[in-house]
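[1] Okay, predicted coordinates and the sequence, questions at the end:
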Amino acid sequence: MEMDPLPPLIDLNDDNDDDAPRFFDRYSSSPSSTTSSSSSTSSPTSLNLNGVVPSSTTTKRLDYMLQFLDRKLSTETTTTTSLPEFIAKGGASAIFNPPCRSVLHSDRPPSLDLRPHPLRETQINRFLRTIASTDSHLLCGSENGTVRVWDFKDLYEAGNEDEEEDTAPFLDSSSSSSCSAASPTLCLVADLATEVVWSGHKDGKIRCWKMTNSKSPFKEGLSWQTNRGPVLSMIVTCYGDLWSGFEGGGGVIIWPWEAIEKSLSVMNEERPIAVHLVERSYIDLRSQLTANGFSNILTSDVKYLLSDNSKAKVWSAGYFSFALWDARTRELLKVFNTDGQIENRMDFPSVQDFPMEYASSSKKEKIQSSFGFFQRSRNAIMGAADAVRRVAAKGAFGDDNRRTEAMVLTVDGMIWTGCTSGLLVQWDGNGNRIQELQHHAFAVQCFSTFGSRIWVGYASGIVQVMDLDGNFIGEWVAHNSPVIGMTVGAGYIFTLANHGGIRGWNITSPGPLDSILHSELAGKEFVYTRIENVKILTGTWNVGQGRASHDTLVSWLGSVTSDVGVIVVGLQEVEMGAGVLAMSAAKETVGLEGSSVGQWWLDMIGKTLDEGSTFERVGSRQLAGLLISVWVRNNIRAHVGDVDAAAVPCGFGRAIGNKGAVGLRLRVYDRVMCFVNCHFAAHLEAVNRRNADFDHVYRTMTFSRPTNLFNAAAAGSSAVQMLRSCTNAIGTHTAEGMPELSDADLVIFLGDFNYRLDGISYDEARDFISQRCFDWLRERDQLRTEMKAGNVFQGMREAVITFPPTYKFERHQAGLAGYDSGEKKRIPAWCDRILYRDSRSTLVSECSLECPVVSSISRYEACMDVTDSDHKPVRCIFTVDIARVDESIRRQELGEILGSNEKIKYVLEELCKIPETIISTNNIILQNQDTSILRITNKCGKNDAFFEIICEGESSIKEDGQASDHCPRGSFGYPRWLEVTPAAGMIRPNHIAEVSVHHDEFLTLEEFVDGVPQNSWCEDNRDKEVILVVKVWGRYTMETRNHRVRVRHCVTAKIKRSDPELNSTRQIQGTVLHRSDIQSLSSSYDVVDHLRNLHSP
């Protein structure tokens, strides 16, 4: 008999959002108890007929639409107030082209941005590092020990304005729990049966979060210290036990279900008792490993645990080895390495011939005494060898390309593991290596699976999709940093990036929904596009190893900052000399930079800019005499971050910093901006060297170093080491072989480029300058000539120069009379320049999501009154329009499209059909050692059906033949007397799956205290009954069709019969079975009429 189906993946007709769903509602049989995620979001654009004040999201949409109309209808552009510009040739070359930007990339499916990329500076000690899901919630563990929860019914809702306004509504354990922040969360596992979430922490603590209701979804229940080191992995097995894996010699520890059940039952009343019960109940598997000659794996990190419920096995894995365990008996079955080679024990029989026991102390001593000297020596040697291998795996030395980085169990019972090299390995359920393949060259970081598909997340930010045989289906760049976690929920594959962003990808992608959603979202782009305007002041000055007065800095910078949001200052020749250059080179080799002179300049400029009250310095970088720094106005500080720095020496064999460049990169309103301060080769004839210096800087500048203590802390806390060749520090994904500067939306070069005037004498130059005939002088400018030829600064722009040449002057001589009049009489030149490249690929382009940064220059001038150096300082003010996505609005638009588009409804209806299935019986009686075959038939002739069998609960049969309430075990696991094999699988069209339901002998249960068995007893010999639920689903739907099967174990051969009248009045119907109910059936079609008269709970 079938249960009522759960609500569909996206309930497009349910408008009732009055009833808040429970946190765990996976097995709820009432459709009315679940509110669809799409219907929970009312249309923000609907007319307000009741006089209610419009929501903030409605106001935002109207503002964005008005912005759009203003841009379309306006005939006057801002170019009328901007300075004319000169544009260099050569911009068509790939590396100088602006990056392609679009909120909807043609090469990847549309995504649900649950949590947009947060700025790194806001995530110090708060990065999300692990991800898991239930059927109603998404959970993430963070570095501060908290757990963050998203309710799936709020996926398309606007975010909280107080914090992370673009993120979907969430709750943090820190705000709903009285406990203080704990050590970083390393692993999470949700238990649907007991409605708790377990988290493992770096300090060795295990915490239990109890789920309550939707308003306050969780609170800390149990918490205990394992004293084993960091908890790297956890699972709940198909028998309800909690297994945990630890770093180094911590091994694998089991917390038995019987102890957990007792602790959870008293958790609310007497927490100390509950903690004491479970804390001391552990079973340490290391004693079994030692006793059986496998001490070599004791020193390995148990990085991964995987529960194979279909075969009742547990996989534990380190970087280079695996162990296979029996989930029911907790016996070790097999140990093998990443090549599939079995690590045999010497002088010992096979595992099957040497069953392991939870031996008493006397037994242990007896076993240990039988060990020979050779065996003990071998164990020690193997342990030492594995310790060396662990050190190598952590990066000290050795080749770790085959190191295991992730593993997953698929519905067909296969296990896939991923390696550092990108290698994918398929294993069967018994640990036999089936095949290996490789679709990508970068490290595998995580897996996820649903139905017949496998998703692979890579350190390059790419997500790949394969079928169950490993055949390639598709791939796309999911994030601009490593994908460190994936999970399935609400019809999405959620990917967690190293920077903390979370995106959801429809489980049908790549598929027919992608093009429809792409088209619909593109048509509404104007609704969720927001245009920001920022003024950027840039200044460059070769200070000639001098110092500046406060008045000089005010004249240069302070006098023009009234409406500026970002200030970039580049200095050259802050300090020079052989000793300075040698010291700078030595510092660079050990990762240090900066000097007291450089700090003096930063302090002086900061004082001029009213640093602390009006502006905040967000980053700086020094290389010998080169110094660059960025200040941001406080009112936009929250939108600026991800600051990184770089330095490229160009002097003396490209190794010394007397010439070169320093750069800063930052994210402003989610757009990447790079500022590069340069000092190129000197002298009139060195044009080609200057061109080569620029080319070297542009192609090799790599942003990877944190620029202050905050960024250093963030970088040090990362769980993933960035692959700099493909994913850089800010998280910008660059194509292979492309410079990092190519991927910036705005690049500004400033500095002493040292280009001179050609074909003119000193006296001629002075005459033209005095007459302000700059047009003729510009024709002699080396930089302009080289840019026109496409030899340097390809595709970049510079405002037309209207100020006198800024080099070379006598110090402390005012006016144009101060030009060099010494013996050399250097010809005046525009050495000090500021150039840029924005997102425009054509001369005129409107600011949009495809062209997100459009800049113009309002001022470009030299401060001729400054006499502190032989160069004049130059400043340039940019007016920058930035187009960005309001992810909160876009998320709501996506929800409305899914809920209203008829074509999407039809496609979803076709894709999410559940194949029709029947089962051979819904009542089974087992006596000792009996086995019954349960047949599941897929009657659909077209689609595969997927199934999982869980145990809804167990009860003892009373003397009157009735069953008491059925109590579930952890993770809806089986009692230890019952074996169901396979408990999950895939059924081809018109095929039948046969499941063995077997009663095993009674076990002697032992109670452990501090890892040592203290008490033992036999299991209850009363008749038992369990309710199995056969959950069936299709390829693309998370809705299930459920069948219940009652399994009763009868201790005695005599089966009690009950009065039929009692069956109709008892609280749980059908709990007293007739032996005639169990019969041999030739096929599943024969039982339909027979089952019609049976009652199923």
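    Nice, I can see it.
[2] wouldn't residue 421 be in contact with residue 438 here?
    Yes - here residue 421 reaches residue 438: they are 7.4 Å apart, a contact under Cβ atoms under 8 Å. Glycine gets a C-beta too; all of them are placed from N, C-alpha and C.
[3] between the two, which one's more packed in?
    More neighbours surround residue 421 than the other of residue 421 and residue 438, with 18 against 14 (other Cβ atoms under 10 Å).
[4] what sits against that one?
    401-402, 438, 441, 443 (Cβ atoms under 8 Å, 6 or more residues apart in numbering).
[5] Take those and keep only those in strands.
    Members of the contacts of residue 421 lying in strands (criterion: DSSP state E): residue 438.
[6] which of the contacts of residue 421 are buried?
    Among the contacts of residue 421, those classed as buried by 16 or more other Cβ atoms under 10 Å are 402, 443.
[7] okay, among the contacts of residue 421, which ones form the most distant pair?
    Greatest spatial distance among the contacts of residue 421 (Cβ to Cβ): 402 and 441, at 14.1 Å.
[8] State the mean pLDDT of stretch 253-266.
    If you average the pLDDT over stretch 253-266, you get 87.
[9] again with stretch 520-529
    Rounded mean pLDDT across stretch 520-529 is 91.
[10] Span of it from start to end?
    Across its full length, stretch 520-529 reaches 15 Å between end residues, using Cα to Cα, to the nearest Å.
[11] Could you tell me the average pLDDT over the helix or strand that contains residue 278, please?
    Assigned by DSSP states H and E, residue 278 falls within helix 271-279. For helix 271-279, mean pLDDT rounds to 81.
[12] hmm, who's touching that helix?
    So helix 271-279 is contacted by 221-225, 255, 259-260, 262-264, 266-267 (Cβ under 8 Å, 6+ apart).
[13] Weed out the non-buried ones from the residues you listed.
    Of those, these count as buried by 16+ other Cβ under 10 Å: 221-224, 255, 259-260, 262-264, 267.
[14] one step back: ok, the contacts of helix 271-279 vs residue 773, which is closest?
    Nearest member of those to residue 773, counting by Cβ to Cβ, is residue 223, at 79.6 Å.
[15] quick one, phi psi at that closest one?
    Backbone geometry at residue 223, expressed as degrees, to the nearest 10, gives phi -160, psi 130.
[16] Any idea what it is bridged to?
    Residue 223 has these beta-bridge partners by DSSP bridges: residue 207.
[17] residues contacting it?
    Shown in contact with residue 223 (Cβ under 8 Å, 6+ apart): 179, 205-208, 275.
[18] I'd like the contacts of helix 271-279 as a markdown table, with distance to residue 186 appended.
    Shown next, in a markdown table, are these (distance: Cβ to Cβ, whole Å):
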| residue | distance to residue 186 |
| --- | --- |
| 221 | 19 |
| 222 | 17 |
| 223 | 15 |
| 224 | 16 |
| 225 | 15 |
| 255 | 17 |
| 259 | 23 |
| 260 | 20 |
| 262 | 26 |
| 263 | 22 |
| 264 | 23 |
| 266 | 28 |
| 267 | 23 |
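[19] okay if I get these as CSV plus secondary structure and distance to residue 1009?
    Listed next are the contacts of helix 271-279 as CSV, based on DSSP: H, G, I helix; E, B strand; the rest coil; distance: Cβ to Cβ, whole Å:
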residue, secondary structure, distance to residue 1009
221, strand, 22
222, strand, 17
223, strand, 20
224, strand, 14
225, strand, 16
255, strand, 13
259, helix, 10
260, helix, 15
262, helix, 13
263, helix, 14
264, helix, 19
266, coil, 17
267, coil, 20
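[20] and which of the residues you listed is nearest residue 932?
    residue 260 (29.6 Å).
[21] quick one: which of the contacts of residue 421 sit in helices?
    Counting by DSSP state H, no part of the contacts of residue 421 is found in helices.
[22] And the helix holding residue 278, how far out from the chain middle?
    Relative to its parent chain, helix 271-279 has a centroid offset of 34 Å by Cα atoms, centre = their mean, to the nearest Å.
[23] do stretch 670-686 as well
    Centroid displacement of stretch 670-686 relative to its chain, using Cα atoms, centre = their mean, is 35 Å.
[24] What is the end-to-end distance of it?
    One end of stretch 670-686 to the other measures 39 Å (Cα to Cα).
[25] rewinding a little: check which residues of the helix holding residue 278 are buried.
    Buried positions in helix 271-279, judged by neighbour count with 16+ other Cβ under 10 Å: 274-275, 277-279.
[26] Next, work out how far apart residue 401 and residue 831 are.
    Residue 401 sits 49 Å away from residue 831, going by Cβ to Cβ, to the nearest Å.
[27] which SSE is residue 64 in?
    Assigned by DSSP H and E, residue 64 belongs to helix 56-73.
[28] go on, residue 763?
    Going by DSSP H and E, residue 763 is part of helix 762-770.
[29] Which neighbouring elements make contact with that helix?
    Applying 3 or more Cβ pairs under 8 Å, 6 or more residues apart in numbering; DSSP states H and E, we find helix 762-770 packed against helix 774-778.
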